[in-house]
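Engineer: Sharing a model prediction with you, sequence too.
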Amino acid sequence: MIHVRDLSLAYHGHPVLKQLSFSVKQHEIVAIIGASGAGKSTLLRCLNLLEQPQQGQISINGMQIDAGQIKKKELVQFRQQSAMVFQQFNLFQQKTALENVMEGLIVVKKYTKAAAETIALEKLRQVGLEDRLAHYPKQLSGGQQQRVAIARALAMDPKVLLLDEPTSALDPELVGEVLATIRQAAQAGNTMILVSHEMSFVHEIATRVLFLDQGQIIEDDTPEQVFAQPRHQRTKAFLARYHGLSVVDYQI
């Protein structure tokens with residue numbers, strides 16, 4: 001369903017992503033983990049062309065783009081294959097929760113206001129915010145704002161849901177409600193690519209884990225394999241911080 005081949009991106013001559021290749025099957029939940037600066041968020045942004053790679057190919061649901069040859073019409077069509085949930089929510093402050101979810105349906109998908117409202121109501125109910133429809137972002141907690149953002153993404157019926165550290169901007173007591181919403185979306189069969197530092201949640205929800213280091217994928221396996229018996233020394237060192245272990249505690 002998703003195929004990435006030889007994806008590369010550099011900023012001012014500094015390589016950030018280095019010839020990455022991987023595939024994601026329909027209904028898979030792929031988690032991308034790694035240290036800060038490894039290129040995780042950049043990779044996610046490349047998948048919906050918020051960042052445009054200099055080299056490589058990306059295919060989602062049969063629609064393929066080639067880096068350096070992307071036309072404006074193709075870019076708009078390709079972005080509609082995915083929906084992104086950001087760290088900082090990115091809601092329209094002057095619009096209510098309901099209007100935020102309706103916006104993309106009206107502007108991008110050209111739905112009527114009535115049709116958009118029906119879908120938006122359904123998605124906000126799914127994330128438990130049916131009593132916050134008329135609230136503006138400033139009247140919502142961080143967790144509620146992120147749930148609106150997830151409802152907005154799901155309303156677009158994307159082929160893949162991209163989540164970039166969706167709990168990193170939240171106070172600890174609000175993390176659980178957002179993780180529960182993501183869990184529900186996963187159980188509903190959505191294909192998802194998730195960047196997260198919540199290792200226990202990654203272990204629970206992911207069907208595959210990619211460990212990214214200095215712009216390269218150095219582990220690609222099941223959560224059980226990556227967390228229990230990582231093959232690469234860099235992965236062992238990274239995970240040791242979360243487990244309170246020494247690197248030598250891992251089997252070599």
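Structural biologist: Okay, I see it.

Engineer: most centrally placed residue in this structure?
Structural biologist: Nearest to the mean C-alpha position of the chain, by C-alpha atoms, centre = their mean, lies residue 163 at 2.0 Å.

Engineer: Now do the contacts for residue 136.
Structural biologist: 93, 94, 95, 96, 97 (C-beta atoms under 8 Å, 6 or more residues apart in numbering). The C-beta positions use only the backbone N, C-alpha and C, and glycine is treated the same way.

Engineer: 7 Å - rerun?
Structural biologist: Under the criterion of C-beta atoms under 7 Å, 6 or more residues apart in numbering, the contact list for residue 136 reads 93, 96.

Engineer: Check residue 181 too.
Structural biologist: Residues in contact with residue 181 (C-beta under 7 Å, 6+ apart) are 127, 147, 150.

Engineer: In space, what's closest to the first one - neighbours in sequence excluded?
Structural biologist: Counting by C-beta to C-beta, 6 or more residues apart in numbering, residue 127 lies nearest to residue 147, which is 4.3 Å off, once chain neighbours are set aside.

Engineer: Does the residue nearest to the centre of the chain have any beta-bridge partners, and if so which?
Structural biologist: Each beta-bridge partner of residue 163 is listed here: residue 85, residue 194, as defined by DSSP bridges.

Engineer: Could you measure from it over to residue 228?
Structural biologist: According to C-beta to C-beta, to the nearest Å, residue 163 and residue 228 sit 24 Å apart.

Engineer: got it, and residue 101?
Structural biologist: Applying C-beta to C-beta to residue 101 and residue 228 gives a distance of 40 Å.

Engineer: the helices in the stretch 151-252 of the chain, which residues?
Structural biologist: Secondary structure of the stretch 151-252 of the chain (DSSP state H, counting those that start in this stretch): helices at 172-187, 199-205, 223-228, 233-243.

Engineer: Show me where this protein has its strands.
Structural biologist: When secondary structure is read from DSSP state E, the chain shows strands at 2-11, 14-24, 29-33, 55-60, 63-66, 82-85, 160-164, 192-195, 208-213, 216-221.

Engineer: how about low-confidence regions in the stretch 101-250 of the chain?
Structural biologist: Scanning the stretch 101-250 of the chain for pLDDT under 70 picks out 243-250.

Engineer: Can you name the residues bridging to residue 213?
Structural biologist: In this entry, residue 213 is beta-bridged to residue 216, by DSSP bridges.

Engineer: Return the residues in contact with it.
Structural biologist: Taking C-beta under 7 Å, 6+ apart, one finds 34, 38, 234 in contact with residue 213.

Engineer: The same query, at a cut-off of 8 Å, please.
Structural biologist: Under the criterion of C-beta under 8 Å, 6+ apart, the contact list for residue 213 reads 34, 35, 38, 232, 234, 235, 238.

Engineer: returning to what we had before: neighbour-wise, which one of the contacts of residue 181 leads?
Structural biologist: residue 147 (29 neighbours; other C-beta atoms under 10 Å).

Engineer: Quick check, that one in contact with residue 178.
Structural biologist: Yes. Residue 147 sits in contact with residue 178 when judged by C-beta atoms under 8 Å, with a separation of 6.4 Å.

Engineer: just to revisit the earlier point, can I get the contacts of residue 213 in a markdown table including distance to residue 8?
Structural biologist: Below are those laid out as a markdown table (distance: C-beta to C-beta, whole Å):
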| residue | distance to residue 8 |
| --- | --- |
| 34 | 17 |
| 35 | 20 |
| 38 | 15 |
| 232 | 21 |
| 234 | 20 |
| 235 | 22 |
| 238 | 23 |
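
Engineer: Could you pull up the residues touching the spatially closest residue to residue 202 that is not a sequence neighbour?
Structural biologist: Taking C-beta to C-beta, 6+ apart as the measure, residue 202 lies nearest to residue 31, with 4.3 Å between them; neighbours along the chain are not counted. Under the criterion of C-beta under 8 Å, 6+ apart, the contact list for residue 31 reads 193, 194, 195, 196, 202, 205, 206, 208, 209, 210, 223.
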